[in-house]
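Enquirer: From the sequence below, what's the structure:
(one chain, ligands or ions: 1)
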Amino acid sequence: MSRPGGEQGAEAIALAAEQRFGLRLHDGIRRAVVAAALRLVEEGASPDLTELAARIASAGASDPVVRAVQRAASVGETSLMRMPEQLRALVKRAGAELVRGAPAWRPFRIWSAGCATGEEAYTLAILFRAAFPELELEVVGSDMNGEALATARRALYAGRSLRNARLLPEGPWLLAAGEGRRVAPEIRRLVRFVEHNLVTDPLPDPALGLSGFDVVVCRNVLIYLDPARTARVIRGITAAMRPRSILALAPSECLAARHAEELAVLPRALLLRGPPPAPEEAGARPQVAPARVPEHPPGPPAPAKPPSRSPEPGRAIEELLQEARRALDRGRIDDAARLLAPAVLQAPDDPRPRFLLASAAEAAGNKGRALEELRRVLFLDGGHVPALLSAARLLDAERRAKDAARHRRRALESLAAMPQDATVPELEITAAAAARIARHALARGGAR
Ligand SMILES: C[S@@+](CC[C@H](N)C(=O)[O-])C[C@H]1O[C@@H](n2cnc3c(N)ncnc32)[C@H](O)[C@@H]1O
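Expert: Residues are numbered from 1 along each chain as shown. Predicted coordinates for the structure are as follows:
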């Protein structure tokens with residue numbers, strides 16, 4: 001077939017698509033992109049390929065031509081439980097390095113970056129739900145291909161998508177649906193999807209909830225990117241991860257990790273952000289010492305000296321809080337509690353140390369104590385969003401759905417009064433994203 005615009009036009013299309021979406025088009029995908037462009041010309045979207053190339057370069061992201069070409073440039077091969085060994089290793093590592101002592105005031109957050117039609121995101125939700133039933137989970141799947149995401153939201157799979165489904169942990173995760181299977185509502189509630197291009201969109205992006213992740217899985221995506229842009233993408237992904245967190249890449253893409261110094265390579269193409277893992281001895285990990293969260297009111301400050309050398313009380317409390325957050329993030333609950341006791345004494349009307357104390361209590365498994373401390377926070381500040389959301393979660397666990405819903409509604413009121421792009425302290429996501437999560441939890445009626 002002669003091409004309207006010829007070889008030069010085809011070249012212009014491939015180049016425009018590569019630049020617009022940050023990709024390197026391999027032969028097969030290049031052909032698919034040019035074929036899609038030719039179809040668009042035939043349908044009258046543009047007089048020829050050269051003009052179409054100019055439109056790809058300059059039109060807005062919602063332009064149908066841009067979307068059609070982006071779709072053609074996206075290779076959506078995926079399946080549930082793809083690369084099962086790596087996923088099992090990831091869950092095991094996350095359990096050992098992150099889940100134990102995970103901060104209690106926020107959900108454990110997982111990102112499937114380049115999730116295509118969503119199988120990977122649901123797989124992660126199933127694996128983590130099965131391994132850690134008590135953990136509050138939030139899974140985000142992102143992709144540049146909006147059409148693939150529409151399929152992901154339907155959560156209905158058949159054929160190749162299911163080829164490894166039998167390797168999922170046992171449980172009611174997939175329901176029969178005609179010829180295929182639909183992901184169970186319990187899992188779908190944990191997962192949401194956002195359209196995002198790893199190369200051309202901002203990263204991290206707190207407004208989309210693309211920040212503060214404990215686990216990121218980005219497999220079979222980097223191979224499609226323009227190699228000159230991989231370094232920036234890896235650094236962006238790393239910046240969207242929590243100080244201690246795990247990234248999983250496809251083994252063939254693991255070399256890209258050299259672009260982020262803070263990533264330590266673990267077996268099976270897993271990368272740890274944060275201090276190196278403790279040495280494993282005969283499979284046993286050092287135990288986190290049982291935490292002793294100080295009783296309320298905290299005891300005299302003598303045995304729990306603030307480590308700060310600052311003579312100014314204002315500065316001392318900020319340093320104590322920062323240290324305590326770091327300790328909590330790393331699962332050092334005892335250390336956090338030791339830092340918070342003097343902070344509470346020093347600033348009895350400040351809700352922040354009490355909130356962190358509640359988080360330490362919850363991380364130590366003392367939910368009653370955590371709720372008690374959250375009530376004190378809410379006495380000091382009735383609209384404290386992280387405290388309202390934490391209390392709601394604890395009330396859910398006590399099957400007090402009405403009370404939980406009341407707390408979430410109060411959190412939504414507070415969030416509505418904030419600038420929507422402001423970051424909510426302690427949550428590290430914007431007010432808009434926090435409201436989305438709270439509404440999501442309200443909609444599921446507190447059922448966990
Ligand atoms: C082969 S699939 C991988 C799916 C899944 N991660 C897996 O391993 O099974 C690659 C996906 O990456 C997406 N992708 C490619 N480049 C991207 C980019 N720059 N930003 C976001 N997604 C991208 C494609 O749209 C496609 O859906």
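Enquirer: Once you drop chain neighbours, what's closest to Pro230?
Expert: For the record, residue 230 is Thr, not Pro. Ala256 (5.1 Å; Cβ to Cβ, 6 or more residues apart in numbering). Bear in mind the C-beta positions are built from the backbone N, C-alpha and C, glycine included.
Enquirer: Help me confirm that the one you found comes into contact with Ile234.
Expert: Yes: Ala256 is within contact range of Ile234, at 5.1 Å (criterion: Cβ atoms under 8 Å).
Enquirer: any shared contact partners between these two?
Expert: Leu222 (Cβ atoms under 8 Å, 6 or more residues apart in numbering).
Enquirer: least trustworthy helix or strand in the chain by mean pLDDT?
Expert: helix 313-329 (a mean of 81; mean pLDDT, DSSP states H and E).
Enquirer: So which bits of that one are buried?
Expert: For helix 313-329, a neighbour-count test (16 or more other Cβ atoms under 10 Å) marks 316-317, 319-321, 323-325, 327-329 as buried.
Enquirer: ok, and which of those residues reach the ligand?
Expert: The subset of these within reach of the ligand, by Cβ under 6 Å from any ligand atom, is empty.
Enquirer: for the longest strand along the chain, packing partners?
Expert: Scanning the chain for the longest strand, with DSSP state E as the assignment, gives strand 241-249. The contact analysis (3 or more Cβ pairs under 8 Å, 6 or more residues apart in numbering; DSSP states H and E) places strand 241-249 against helix 84-94, strand 213-218, strand 270-273, helix 313-329.
Enquirer: contact partners of that strand?
Expert: Taking Cβ under 8 Å, 6+ apart as the rule, strand 241-249 contacts 86-87, 90, 93-94, 97-98, 109, 212-219, 222, 237-238, 256-257, 263, 266, 269-275, 326, 329-330.
Enquirer: Give me the buried subset of the residues you listed.
Expert: Buried among these (16+ other Cβ under 10 Å): 86-87, 90, 93-94, 97-98, 109, 212-219, 222, 237-238, 256-257, 263, 266, 269-274, 329-330.
Enquirer: So is the longest strand of the chain next to the ligand?
Expert: No: on the criterion Cβ under 6 Å from any ligand atom, strand 241-249 is out of touch with the ligand, staying 9.7 Å away.
Enquirer: residues from the protein in reach of the ligand?
Expert: 21-23, 74-78, 82, 114-116, 120, 143-145, 148, 197-199, 219-221, 224-225.
Enquirer: out of these, which are buried?
Expert: 21-23, 74-75, 78, 82, 114-116, 120, 143-145, 148, 197-199, 219-221, 224-225.
Enquirer: Low-confidence ranges, the stretch 201-350 of the chain, go.
Expert: Along the stretch 201-350 of the chain, the parts satisfying pLDDT under 70 run over 276-315.
Enquirer: Also the stretch 1-150 of the chain?
Expert: Scanning the stretch 1-150 of the chain residue by residue, the ranges that satisfy pLDDT under 70 are 1-5, 101-105.
Enquirer: Other residues contacting stretch 403-421?
Expert: 207, 382-385, 388-389, 391-393, 395-396, 424, 430-432, 434-435, 438-439, 441-442, 445-446.
Enquirer: Sort out for me which of those residues are in helices.
Expert: 385, 388-389, 391-393, 395-396, 431-432, 434-435, 438-439, 441-442 (DSSP state H).
Enquirer: and which of those residues is nearest to the ligand?
Expert: Taking Cβ to the nearest ligand atom as the measure, Ala432 is the one of the ones in helices among the contacts of stretch 403-421 closest to the ligand, at 21.4 Å.
Enquirer: Now do the same contact list for the closest one.
Expert: So Ala432 contacts 207, 415, 420-421 (Cβ under 8 Å, 6+ apart).
Enquirer: Using ChimeraX, define a selection of the buried residues within those residues.
Expert: Of the contacts of Ala432, the buried ones go into a single ChimeraX selection, burial set by 16+ other Cβ under 10 Å:
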select :207,415
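Enquirer: Can you list which of the contacts of Ala432 are found in strands?
Expert: Under the assignment DSSP E, those contribute nothing to strands.
Enquirer: just the contacts of Ala432 now: which is nearest the ligand?
Expert: Ala207 (16.8 Å).
Enquirer: mind listing what that closest one touches?
Expert: Contacts of Ala207 by Cβ under 8 Å, 6+ apart are 421, 430, 432-433.
Enquirer: Could you do Val75 as well?
Expert: 29, 224.
Enquirer: In a strand, it, correct?
Expert: No: assignment of Val75 by DSSP: H, G, I helix; E, B strand; the rest coil gives coil, placing it outside any strand.
Enquirer: Quick check: phi and psi at it.
Expert: phi -100, psi 110 (degrees, to the nearest 10).
Enquirer: before we move on, what about Gly76?
Expert: phi -100, psi 20.
Enquirer: Quick check: closest non-adjacent residue to it.
Expert: Ala116 (4.3 Å).
Enquirer: Val265 belongs to a strand, doesn't it?
Expert: Yes: using three-state DSSP, the assignment for Val265 is a strand.
Enquirer: Identify the residues contacting it.
Expert: Contacts of Val265 by Cβ under 8 Å, 6+ apart are 254, 257, 271.
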